[in-house]
Structures are given as structure tokens and as C-alpha cells.
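the amino acid sequence is not available; the structure is as follows:
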């Protein structure tokens, strides 16, 4: 089976798997009644997605494949040119983003766990930039490598988002057993970094003149940041960070600020032992919002579409453990209310959330029969 | 059985009921492990309480009695001098507060549903000021009467709280079937009012020069405000307002502002029909925080004591329907997190919450075997 897909005006021919689509019963929420339509359930542990101008999606699968997926459920063969990834533990091919000027430059950005180019045992989060062509990715260049490489296959962070000014934010993790590094500026562990799309460092990054600090660092004291979105009115970066047992956090990371991990946290270890007795430490920032117990927050969006008027401006946060979407009703930046959407209705961990150009909301679920779900107003 | 209680340095002899005290098992919460000690369970539908300088409590019972209660569980006979109340529906003897200068002036304030002095059928919320003496209340004067009297025995509001400047805030309700009056300024329905302790009107009240407006009005567009507290840092009034089915609200009522009821609400009628399709209406204020579905919030406190350091600055909101206390973790005025305390552990509607001079937290439950509960850190 073959289908012609248009990407940036070009025709590409790719073998496709069977189309699957299922419509579910209407779900009543506080402000909207919606349906969850499964566009496909044939994705293998999808992690990230990005809409192309064509209306198709680029979707990553953790084992190392990048596919084109249409909203009718067509799934392409793996695209060529994807970097080699270390598919181990939480590592693999992770997020995908397109350049703000993709229509003219065709740049695509992929985050992934990369082996040590020097043959060492560790891996770390890297970001490749490449051009999307009818035959796959070309001209791939690694524009960021988290340092140091580290053996534990956990807490890679990896969400990619562009600022309105064109900077690329890359969210990172503390690599679990290296958590104390989140408080120092000489590694990328537990940091959010900000670079230019070509990998160069913005001259106004907060630590460019700090001796001993890595110049890519934007903010620090993070645990494992797997969600990021730009506030539509303020242009500020907001992030979603996994806590341990308790202490999932929404933050609004500001340049050079310390978000406290692991010296200040609302979480405890998975065995209930104390990480830090402190929630407040001088010189560290409080979260903007937090969850106890953890729901395992992955990605998030500010909803700005027309399909769900009562959700306009709300922060929709996908949850892995919770298998739901948390809707935070915002007034300005202030959380007024939290609604749990679709509790029990999805049944799989929600790994990514995006708003489509059509104003519908799209979810990816973290499963070997991973689903792309389209959320629409009920008819 | 007789016990001598000291009130403002005076000895009073009053018959007392049997002392009841029960200790419960430790309850683990996110930040503190506590015990709920029942000081007495022999209060008949208690509504409000106020600590005296002696450490004893004045407690109202809805049917029209005011009693002294000690923290050892002694309960006095009804004090003399209490106004006649209309104990019907939600009406009766409601809140009690003491003057900020009680130690020198002995003034006590009671809110209650008062019959029409002219013999009409309706009632409305009134406030009496009286002096507490060894023989009960004397020199009682009605310093406020909500207008008009109205027949429906619902939504009297009635919480009393003093501003740092010495104004008395009285929270009111919309009387249920008179809800549209919450949007006009010619009745007290659905208002928060601000008066001086002698009943006179502060010269800087927002509507003193507005033709056709009642000069006592501080804010409007409220449904049924049964909780009030002064923020310890800002000195601002915060209120807790019952929504219908959904839409319980915390507000920070500012002078002359409109809080939207019933033209803007997050709630629906109990039969799920729409009250207003709108949550946002120009000229009305959004809530600071809200609940859907409703937990039926009664009174609330900002915790400022030393017994629960991790709760310092938090807003503790008592819930009738929820039979729990909602802890809102605040950073400045912003809600970062909500914890449900004691779900299932109280088993009765929580009608009032106060902080004691000892730093412990006290609850009253709304039952014919109403309890005074002392919340302490577990040993």
C-alpha cells in the first residue's frame, strides 16, 4: 500500500500501514462535551509529534524511528536520516520540533539519547537539526550534546520548544543518580538550556560570563523536564517537571534562576524516604503549581484554538501515570482551578499533547500499540 | 456540676455538661502528621466560634444559644442576652466575633436571622453588638439589618471578621430565590458589607455617594458567603462563597467590585440546568480559586501559628459537603497546590474553623451531636 504525502510542497512516496480509526462515546467535561477519536493505534512507543504545514504529523518512536502520520491514520515507513539513538531505559528517539521558518528552510529538530562518540559507556541528550526532504532527513548536524555522557538510562528531559524570538529551549533531566549536579553549573544535568537554531549560544544567556558555568544554561535545579510551552500572551517559557513520589511541578523558568531540585522539593523518594526536608530554600524559586502525589506530567500546551472556546488560554497538561489530561484554568498566569479530563477514558499513559492547526487537540500514548488521539467537540 | 470560668478577668459560675474528650489515631498528611482530638461532641448544630482572651471559646448553636466552651470540654448553660433568632432553614444564631479591643471593651458581635420587627413574614441577617459580662450579654444593640426582609430561609451568609483598620465585614447571601438582586445595589442580597463596630458607615465605603445604592455595601455579585479571613500580610479580606452545583469560590473582594453572581458562574443548578452560560462577563471579577463540583465551603483561616510550620501562610478552608478541610498552599496570594485534609476522617460537615491562641486548629461540625475538634501535631 502506497500513499502520496505532501511535505512542504513536495511529493513523497512511502509504504503505509493500515489505517485505523475509532470513534468513542461523547465525554462530558465541566465546560465541553468531547469525543476522543483514535486516529491510529499502530505507533510503537511514540514520544513526540510536530505538525507540518501540510497538516500531517512528524511522530517519533522511542526505538529510533521517525514517521509521517496523516490525520486519516496513514503511517509512513521510517524516514531516512534519523540519528542513531541509544534505545535503553528512558532513552531513545524523543522529541521532534519544526523550525519556526520551516516553510522556507525545512529544518527539523530531533532530541534523543546519543552514545558517546568516543566509545565510552554513557549516553546523553543530544539534538540534531536536519532538513526534511522527500527522501527523508538530510544535512543532519548535532547542534547540542548534554555533558557529560552518563551511564544511567534515565531522566533525559528532551522537550524542544522555540521562543518567540527564535531561540531553541531544550529541557533536560538530572540523570536520576546524578541529581546533585542539578545544583551546579558545570554540567547539563538538571538544566533547561537555550541555544540558537544552529547550536550557537545567545549572547544574552544568563551564564555566558560566569567562570566555570556552561554557557548554554538558561535555568537550573530541575529534576526531569519533559514538558514545555510558550505562554501565548507573555512569550515566557513554562515547563512541566517530573517529581519523584510527589512534587510534579509547573515552573516558569526565568533566566539564571534555580528551581531547587534536589535541595528543595515537595516530593519524597519512591520508598517514602526523605530527599530534602525543605520545600523552601533561600535562592531557589517555588513552583508555579505542583502535584502531590505525582501524576507524572509529560508535555503540555496552552490551548489557543477556536474549537473549545471555554478552554481558551487554559494549560492542558498530559499525565503518564494519571493517563489523563489536567486542565489548569488560568486567569492571567494564576491557576484558579484544576480539572482532570478523561480519567479512565484513555487507559494508556499520555506522552505528548499538541494543538492541531484545525484547533483540535492531539494526544500520543506511550504504548507498544501507541495511539494518536484526536479530541473534538462532540457532534 | 459547676465550674468557674474566667472571662475578661471576671469569675462566672455556670452549670456545665459532661466533659467528653477522645483521642484519635495519627493521620498522615503531606507535610504533618496530626491527631484530631474531639473536645466535645455535645454541641447542638454549632455554627460559629470565637476565642476569648481567657482561652475559652464562645460558641453559637443555630437554634439560638450562645455558650462558653473550655478546651477541656466544659460547656456552659446558654448565656443570657442573646437576641431572638428565626431558627428555620439555614437561619438561626450564626456567627460570633469579639471586638479587636475586647480585653478593654468586652464587645461581642453576633450574626443571626432576625424576624421583621414590624411583624412581616420575612427575616434577614442582622448583627447585634453586646457586652459580655459574668451574667451573660448586656447592652445589646442591633448594629446592622440586611434589607429587605425576605421569606425564603436560605443563604444568610453571616460570617463576621474585622479588618486591621477596625472595620467590621459582614458577609451576606442572595436569599436563593432573590439571586438577581446580587447584581443591584439597592438591597443587601448577595453583598459583602463593611461597617464600623457601632454600626455607622465608613466614609470611604465605595458607594457612599452613589445615588440609589446602600452605603454599607463593600462588594457585590456574591451568592452565599459563609467564610471570611484577613490575609495576614496584605490585610485584605478573602471570602469563601458557596456555589450551586459547582462554582464554590474563593474571592479577594475589593471595594466596589462585582463578583459576577448570577450572570457569570462556574456552577450549574442542582438539576444540572444552566444558570448562566458565561464564566466571564465584562465588569465582573474572576474568582481567585474555585471548585467544581462544589465541596460546600464554610469558613476558612490563614494559618499563622507555630504548631504546623509547613502550613504557615496556607489557607485552610472547611467544607460541609466534603466533610474535610482543603489546604491551599499559597505563594504570596497564588494557589500552588490543594491538599484534601481528613477526607473520611471527620464524618460530619465542617461548619467553622479557627486557629487557637495555642497554635492548634479548631473545627466545629454541623450536627446535633456537633463536635469541637482540636487538631494537634501527633506526639
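That came through, no problem. The structure presented is a predicted model; accordingly, all values stated were derived computationally and were not measured.

interface residues of chain A facing chain B?
In this structure, chain A approaches chain B at residues A:30-31, A:246, A:266, A:279, A:286-292, A:310, A:329, A:331, A:334-339, judged by C-beta under 8 Å from any C-beta of the partner chain. Quick note: C-beta positions are derived from backbone N, CA and C, even for glycine.

10 Å instead?
Residues of chain A lying close to chain B (C-beta under 10 Å from any C-beta of the partner chain) are A:28-31, A:246-247, A:249-250, A:266, A:268, A:277-280, A:285-293, A:310, A:312, A:329-339.

need the pLDDT of the residue of the stretch 51-200 of chain A found nearest chain B.
Distances between the stretch 51-200 of chain A and chain B by C-beta to the nearest C-beta are smallest at residue A:192, namely 19.7 Å. Confidence at residue A:192, expressed as pLDDT, is 98.

mind listing what it touches?
Residue A:192 makes contacts with A:157, A:159, A:169-172, A:216-222, A:225, A:228, A:237, A:239, A:241, A:251, A:253, A:257, A:259, as judged by C-beta atoms under 10 Å, 6 or more residues apart in numbering or on different chains.

where does pLDDT dip in chain A?
In the predicted model of chain A, residues A:1-23 satisfy pLDDT under 70.

would you list every one of the helices in it?
With DSSP state H as the criterion, chain A has helices at A:102-105.

can you tell me the centre-most residue of it?
What sits nearest the mean C-alpha location of chain A, by C-alpha atoms, centre = their mean, is residue A:159, with 3.5 Å.

give me the residue from the stretch 1-150 of chain A nearest chain B.
For the stretch 1-150 of chain A, C-beta to the nearest C-beta, closest residue to chain B: residue A:30, 5.2 Å.

just give the number of residues close to that residue.
Neighbourhood size, residue A:30 [other C-beta atoms under 10 Å in any protein chain shown]: 17.

next one: residue A:121
Residues lying near residue A:121 (other C-beta under 10 Å) number 9.

in stretch A:86-106, what's buried?
Judged by neighbour count using 16 or more other C-beta atoms under 10 Å in any protein chain shown, the buried positions of stretch A:86-106 are A:86-87, A:90-99, A:102, A:106.

hmm, I was thinking of stretch A:309-321
By 16+ other C-beta under 10 Å, the buried positions in stretch A:309-321 come out as A:310-311, A:314-321.

for residue A:103, which non-adjacent residue is closest in space?
Leaving aside its chain neighbours, residue A:103 sits nearest to residue A:53 (5.3 Å; criterion: C-beta to C-beta, 6 or more residues apart in numbering or on different chains).

surely that neighbour meets residue A:357?
Yes - with contact defined as C-beta atoms under 10 Å, residue A:53 reaches residue A:357; the gap is 8.3 Å.

can you pull the contacts of the residue nearest to residue A:36 when sequence neighbours are not counted?
Leaving aside its chain neighbours, residue A:36 sits nearest to residue A:24 (4.8 Å; criterion: C-beta to C-beta, 6+ apart). Listed by C-beta under 10 Å, 6+ apart, the contact set of residue A:24 reads A:34-38, A:342, A:345-346, A:373, A:378.

one more: residue A:124?
Applying C-beta under 10 Å, 6+ apart, we find residue A:124 in contact with A:86, A:91, A:112-116, A:144-150, A:156, A:172-173, A:175, A:187-189.

residue A:220 too?
By C-beta under 10 Å, 6+ apart, the contact list for residue A:220 reads A:172, A:174, A:181-185, A:187-193, A:206-207, A:213-214, A:253, A:256-261, A:284.

can I get the buried part of those as one ChimeraX selection?
Buried residues within the contacts of residue A:220, by 16+ other C-beta under 10 Å, are selected in ChimeraX with:
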select /A:172,174,181,182,183,185,187,188,189,190,191,192,193,206,207,213,214,253,257,258,259,260,261,284
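
mind checking which of the contacts of residue A:220 are in strands?
A:191-193 (DSSP state E).

ok, back up a step: just the buried residues out of the contacts of residue A:124, in PyMOL syntax.
Here is the PyMOL command that selects the buried residues among those (16+ other C-beta under 10 Å):
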select buried, chain A and resi 86+91+112+113+114+115+116+144+145+146+148+149+150+156+172+173+175+187+188+189
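
returning to what we had before: keep only those of the buried residues of stretch A:309-321 that are in strands.
Counting by DSSP E, the part of these found in strands is A:315-319.

Throw those residues into CSV and include distance to residue B:325, thanks.
Output for those, formatted as CSV (distance: C-beta to C-beta, whole Å):
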residue, distance to residue B:325
A:315, 27
A:316, 29
A:317, 26
A:318, 30
A:319, 26
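
separate out the buried members of the residues of chain A next to chain B.
Buried among the residues of chain A next to chain B by 16+ other C-beta under 10 Å: A:29-31, A:246-247, A:249-250, A:266, A:268, A:279, A:285-292, A:310, A:329-330, A:334-339.

hmm, back to that, mind checking how far the residue nearest to residue A:36 is from residue A:298?
21 Å (C-beta to C-beta, to the nearest Å).

then residue A:246?
17 Å.

without its sequence neighbours, what residue ends up closest to residue A:378?
Nearest non-adjacent residue to residue A:378, counting by C-beta to C-beta, 6+ apart: residue A:26, 3.8 Å away.

can you tell me the closest non-neighbouring residue to residue A:347?
Counting by C-beta to C-beta, 6+ apart, the residue nearest residue A:347 is residue A:323, at 6.2 Å.

so who does the one you found touch?
Counting by C-beta under 10 Å, 6+ apart, residue A:323 touches A:295-296, A:342-350, A:365-366.

any chance of the residues you listed in JSON lines, plus neighbour count?
Formatted as JSON lines, the contacts of residue A:323 follow (neighbours: other C-beta atoms under 10 Å in any protein chain shown):
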{"residue": "A:295", "neighbour count": "21"}
{"residue": "A:296", "neighbour count": "21"}
{"residue": "A:342", "neighbour count": "22"}
{"residue": "A:343", "neighbour count": "13"}
{"residue": "A:344", "neighbour count": "8"}
{"residue": "A:345", "neighbour count": "15"}
{"residue": "A:346", "neighbour count": "22"}
{"residue": "A:347", "neighbour count": "10"}
{"residue": "A:348", "neighbour count": "17"}
{"residue": "A:349", "neighbour count": "20"}
{"residue": "A:350", "neighbour count": "27"}
{"residue": "A:365", "neighbour count": "24"}
{"residue": "A:366", "neighbour count": "21"}
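
reformat those residues as CSV; add distance to residue B:46.
As requested, the contacts of residue A:323 are exported to CSV (distance: C-beta to C-beta, whole Å):
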residue, distance to residue B:46
A:295, 38
A:296, 43
A:342, 41
A:343, 37
A:344, 39
A:345, 42
A:346, 45
A:347, 46
A:348, 49
A:349, 47
A:350, 46
A:365, 51
A:366, 51
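
pick out whichever of these sits closest to chain B.
Nearest to chain B, judged by C-beta to the nearest C-beta, of the contacts of residue A:323 is residue A:295 at 12.4 Å.

correct me if wrong: that closest one contacts residue A:289.
No - with contact defined as C-beta under 10 Å, residue A:295 does not reach residue A:289; the gap is 11.8 Å.

out of the contacts of residue A:124, which are inside strands?
A:112-115, A:144-145.

farthest pair in these?
Using C-beta to C-beta, the ones in strands among the contacts of residue A:124 reach their maximum pairwise distance at A:115 and A:144, which is 15.3 Å.

mind listing what the residue in the stretch 101-250 of chain A positioned nearest to chain B touches?
Using C-beta to the nearest C-beta, residue A:246 is the residue of the stretch 101-250 of chain A that sits closest to chain B, at 7.2 Å. When contacts are counted by C-beta under 10 Å, 6+ apart, residue A:246 touches A:265-269, A:272, A:275, A:290-294, B:30.

ok, and the closest non-adjacent residue to residue A:343?
Leaving aside its sequence neighbours, residue A:343 sits nearest to residue A:324 (C-beta to C-beta, 6+ apart; 4.7 Å).

same check, this time on residue A:189
Excluding its sequence neighbours, the residue lying closest to residue A:189 (C-beta to C-beta, 6+ apart) is residue A:181, at 3.7 Å.

this completes my enquiry, with thanks.
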